[in-house]
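A.B. asks: Here is a sequence together with a model predicted from it:
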2 protein chains.
Amino acid sequence: MKWKNDLFIRAAKGEKTERPPVWLMRQAGRILPQYRAIRSSLSGFKELVETPDLAAEVTIQPVDELDVDAAIIFSDILVIPEAMGLTYEMVEKKGPWFPKTIQTQKDVEQLISGEKAAAELEYVYRALEATKKGLDGRVPLIGFSGAPWTLLAYMIEGSGSKTFSKAKKFLYTQPKEAHMLLEKLTETIIAYLKQKAKHGADLLQIFDSWAGILSPEQYKEFSLSYIHKIVNAINEVPTTVFAKGAWFALDEMSDLNCNVIGLDWNTSPDFARNALGKDRVVQGNLDPCVLYSEPEVIKEKTIKMINDFGGNHIVNLGHGVYPDTPLDGVKAFVNTVKNYKY
Amino acid sequence: MKWKNDLFIRAAKGEKTERPPVWLMRQAGRILPQYRAIRSSLSGFKELVETPDLAAEVTIQPVDELDVDAAIIFSDILVIPEAMGLTYEMVEKKGPWFPKTIQTQKDVEQLISGEKAAAELEYVYRALEATKKGLDGRVPLIGFSGAPWTLLAYMIEGSGSKTFSKAKKFLYTQPKEAHMLLEKLTETIIAYLKQKAKHGADLLQIFDSWAGILSPEQYKEFSLSYIHKIVNAINEVPTTVFAKGAWFALDEMSDLNCNVIGLDWNTSPDFARNALGKDRVVQGNLDPCVLYSEPEVIKEKTIKMINDFGGNHIVNLGHGVYPDTPLDGVKAFVNTVKNYKY
């Protein structure tokens, strides 16, 4: 056995397990006092992402503190645009900001891509190695990437946005350039994920954080087709696809050649099982705001969710844990799952 | 006949029409140069909302400029919290901001509600009367209100938010106070909408703009139940319910005692017709970003949408028109519908 606790990987592969595994998206972060201590000693978020020993340290913190069944490497989806030549800044309390954005075909052509771009991300591979060493086989380690559409959205928009209307406008008015950019992103993501698997990631998750703002038609053309290419290219380790808000494409997503489908909290177990069948492993999907409740409410809602999914399930929230979530709420959630028996 | 062009009301009532009517959410606003001219001469957005003759003028502008089949009174959903005692400011480029928010049962108890609160909104009723006079029977006039949940969300959160996590936390941790507040909002909305009908609104639309951030369970308990009460209480004129992002409750919404169900752009005609049946009048739902495209793309996508809904349809976007939408795009959209024949 590769891990002392291999529940997460067994569940991801669709094996029957004694209980569902549990971890939280953004578990390495502001919910933990020990994270905040490290973070406040640094110049910024990016310093933490780019310093392998520190990234490894905060990756392992939730395993120590919460005893979750998987670690996820502390990093950012925007390291890929940066590796391709488009640098970003993380502005305190505002989020990511790109001084230069993609506007023209020439802008797309100037980006590097594929293995050459992936080679720019040595600090991520060093962080994975340091984490593996630190974990010493306790739990599997998850690597991740943004999906091509979500990364394109930031590269066009230049920052977060409620509507991403500039990015969507780009798809409608410059579809040729959009597909060129999505191809380059896809090549880069594949090369990057292969490197991540090589350097220690035991499962790879793709985050399509802005799936939900596309029309069903645009989603199929500009996002899902590229996610297919990525999961088809990754054979090294199991894969998870989490497309937030893409309920309208869940039927089509059942054809994805990936192991696990992530679900947001709007998606009821019934709806998910109808679209995906009972054998597909799903991940999620408690409303992150449930963790503000009293422990008994958290317990009740967590157990109900596990029962309603009826197996083939990795427990998580339906979104990254919110930074102001009380640690006691997080622990009530994790402990409920750890005490559950199928 | 009450109107020179009564297509919108006939369609809302489910009568067969020669073509679908068309209007746009936020059609009175920044897409029109004549709106921007008035707006720039004023101290702020709220001055425009609170000055009946000016509100009427900008309400009529899109009827003049675009020849749409309905006008919608220029106003804001947050006039209701303000009438109940919670004032707000509209901060340029940031959106609404409440200096004081609701935290405790005492805060809820101190709010006025029902007819007493509705009586604070005389400026809206004067604006409706001035608009009716100015329209002179050309097209029907739509009045509107925010839904109780969406208004509660702002009253707790104090501003817009990506997650509305404070408002959702309130539902989980103070459900009793939440229901008290939702009851008071519901009474006020009913009284307000009845006044609007009395003063000239020919149809009343309820906007549940933040429906989509609730879990299906919370949506039923904290939002849909109150929308039921509202539409059951309004018998004066036809009603429309637009709950953005509430795809997970669309089946249940088919039981609403309203005339029209609004749909956002994520919702395919197939999905909507499966949930609502072919006889329910639906409103929407072109992706607002389509209007950034060339006229022939706009035309093609608009015609496809009308065909796919197959009648019982009021054409609109799936969201308010974005402020930077080119006027030519808006006109291509409207004219496509006006030239369509069933």
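C.D. replies: Great, that's in hand. Because the structure is a prediction, the values reported are computed rather than measured.

A.B. asks: can you count the residues close to residue A:136?
C.D. replies: Applying other CB atoms under 10 Å in any protein chain shown, we find 9 residues neighbouring residue A:136. The way it works is simple: take the backbone N, C-alpha and C, and place the C-beta from them, glycine included.

A.B. asks: ugh, typo on my part, it should be residue A:170
C.D. replies: Counted with other CB under 10 Å, residue A:170 comes out at 25.

A.B. asks: With residue A:181 as the reference, measure out to it.
C.D. replies: Distance, residue A:170 to residue A:181, by CB to CB, to the nearest Å: 9 Å.

A.B. asks: Next: residue A:340.
C.D. replies: Applying CB to CB, the value for residue A:340 to residue A:181 is 44 Å.

A.B. asks: Which one's more surrounded, the two?
C.D. replies: Remark: of residue A:340 and residue A:181, residue A:181 carries more neighbours, 26 against 17, as counted by other CB under 10 Å.

A.B. asks: Can I get the host helix or strand of the more buried one in PDB, CA atoms only?
C.D. replies: For residue A:181, the element it lies in under DSSP states H and E is helix A:175-198. What follows is the C-alpha trace of helix A:175-198 in PDB, where atoms were taken according to Å, rounded to 0.1, in the frame of the first residue of the first chain:
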ATOM      1  CA  PRO A 175     -14.200  32.800 -31.700                       C
ATOM      2  CA  LYS A 176     -11.100  32.000 -33.800                       C
ATOM      3  CA  GLU A 177      -8.700  33.700 -31.400                       C
ATOM      4  CA  ALA A 178     -10.600  32.200 -28.500                       C
ATOM      5  CA  HIS A 179     -10.100  28.700 -29.800                       C
ATOM      6  CA  MET A 180      -6.400  29.400 -30.500                       C
ATOM      7  CA  LEU A 181      -6.000  30.500 -26.900                       C
ATOM      8  CA  LEU A 182      -8.000  27.500 -25.600                       C
ATOM      9  CA  GLU A 183      -5.800  25.100 -27.600                       C
ATOM     10  CA  LYS A 184      -2.600  26.700 -26.200                       C
ATOM     11  CA  LEU A 185      -4.000  26.600 -22.700                       C
ATOM     12  CA  THR A 186      -5.100  22.900 -23.100                       C
ATOM     13  CA  GLU A 187      -1.600  21.900 -24.300                       C
ATOM     14  CA  THR A 188      -0.100  23.700 -21.300                       C
ATOM     15  CA  ILE A 189      -2.500  22.200 -18.800                       C
ATOM     16  CA  ILE A 190      -1.800  18.700 -20.100                       C
ATOM     17  CA  ALA A 191       2.000  19.200 -19.900                       C
ATOM     18  CA  TYR A 192       1.600  20.800 -16.400                       C
ATOM     19  CA  LEU A 193      -0.600  18.000 -15.000                       C
ATOM     20  CA  LYS A 194       1.700  15.300 -16.400                       C
ATOM     21  CA  GLN A 195       4.600  17.000 -14.600                       C
ATOM     22  CA  LYS A 196       2.500  17.200 -11.400                       C
ATOM     23  CA  ALA A 197       1.800  13.500 -11.600                       C
ATOM     24  CA  LYS A 198       5.500  12.800 -12.100                       C
END
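
A.B. asks: per-residue pLDDT, the nearest residue to residue A:308 once chain neighbours are set aside?
C.D. replies: Excluding its sequence neighbours, the residue lying closest to residue A:308 (CB to CB, 6 or more residues apart in numbering or on different chains) is residue A:269, at 3.8 Å. Looking at residue A:269, its pLDDT reads 98.

A.B. asks: quick one on the thing from earlier: buried residues in the following helix or strand past the helix holding residue A:181?
C.D. replies: Next helix or strand after helix A:175-198 toward the C-terminus (DSSP H and E): strand A:203-208. Residues of strand A:203-208 classed as buried: A:203-208 (neighbour count, 16 or more other CB atoms under 10 Å in any protein chain shown).

A.B. asks: What residue in chain A is the furthest from its centre?
C.D. replies: residue A:106 (30.2 Å; CA atoms, centre = their mean).

A.B. asks: which other residues reach the helix or strand where that residue lies?
C.D. replies: Using DSSP H and E, residue A:106 falls within helix A:105-110. Contacts to helix A:105-110, defined as CB atoms under 8 Å, 6 or more residues apart in numbering or on different chains, come from residues A:85, A:101-102, A:176-177, A:180-181, A:184.

A.B. asks: can you list contacts of stretch A:250-264?
C.D. replies: A:12-14, A:203, A:205-206, A:212, A:220, A:224, A:227-228, A:231-232, A:238-247, A:267, A:271-272, A:275-277, A:280-285, A:314, A:316, A:318-319.

A.B. asks: Give me the nearest residue to residue A:176, chain neighbours excluded.
C.D. replies: In space, residue A:176 is closest to residue A:105, 7.6 Å off (CB to CB, 6+ apart).

A.B. asks: so what sits against both of residue A:170 and residue A:181?
C.D. replies: Common neighbours of residue A:170 and residue A:181 (criterion: CB under 8 Å, 6+ apart): A:102, A:152.

A.B. asks: ok so, going back, ok now the helix holding residue A:181, how far from the chain's centre?
C.D. replies: 16 Å (CA atoms, centre = their mean, to the nearest Å).

A.B. asks: So what pairs up with the most centrally placed residue in chain A in the strands?
C.D. replies: Geometric centre of chain A, nearest residue: residue A:207, 4.2 Å, by CA atoms, centre = their mean. Note on residue A:207: beta-bridge partners by DSSP bridges are residue A:146, residue A:242.

A.B. asks: I'd assumed residue A:145 was in contact with it.
C.D. replies: Yes - the criterion here is CB atoms under 8 Å, and residue A:207 meets it with residue A:145 at 7.3 Å.

A.B. asks: any shared contact partners between these two?
C.D. replies: Taking CB under 8 Å, 6+ apart as the contact rule, residue A:207 and residue A:145 both touch residue A:77.

A.B. asks: on that earlier part again, what is the mean pLDDT for the helix holding residue A:181?
C.D. replies: When pLDDT is averaged along helix A:175-198, the result is 98.

A.B. asks: Please spell out which residues along it are buried.
C.D. replies: Buried-residue list, helix A:175-198, by 16+ other CB under 10 Å: A:177-179, A:181-197.

A.B. asks: Retrieve the pLDDT associated with residue A:1.
C.D. replies: Looking at residue A:1, its pLDDT reads 57.

A.B. asks: what's the residue of the stretch 1-150 of chain A found nearest chain B in contact with, if anything?
C.D. replies: Using CB to the nearest CB, the closest approach of the stretch 1-150 of chain A to chain B is made by residue A:95 at 9.5 Å. Residues near residue A:95 by CB under 8 Å, 6+ apart: A:159-160.

A.B. asks: now the one 5 residues further on
C.D. replies: For residue A:100, the contacting residues are A:86-87, taking CB under 8 Å, 6+ apart as the criterion.

A.B. asks: swap in residue A:171?
C.D. replies: Here residue A:171 is in contact with A:178, A:214, A:218, A:222, B:289 (CB under 8 Å, 6+ apart).

A.B. asks: same thing but at 6 Å, please
C.D. replies: Counting by CB atoms under 6 Å, 6 or more residues apart in numbering or on different chains, residue A:171 makes contact with A:178, A:218, A:222.

A.B. asks: so which of the residues you listed comes closest to residue A:57?
C.D. replies: residue A:222 (37.5 Å; CB to CB).

A.B. asks: what kind of secondary structure is that closest one in?
C.D. replies: Here residue A:222 is recorded as helix under DSSP: H, G, I helix; E, B strand; the rest coil.

A.B. asks: confidence score at it?
C.D. replies: pLDDT for residue A:222: 98.

A.B. asks: That one and residue A:160: what is the separation?
C.D. replies: Following CB to CB, the distance that separates residue A:222 from residue A:160 is 19 Å.

A.B. asks: These two - which one has more neighbours?
C.D. replies: Just comparing residue A:222 and residue A:160: by other CB under 10 Å the higher neighbour count belongs to residue A:222, 24 against 15.
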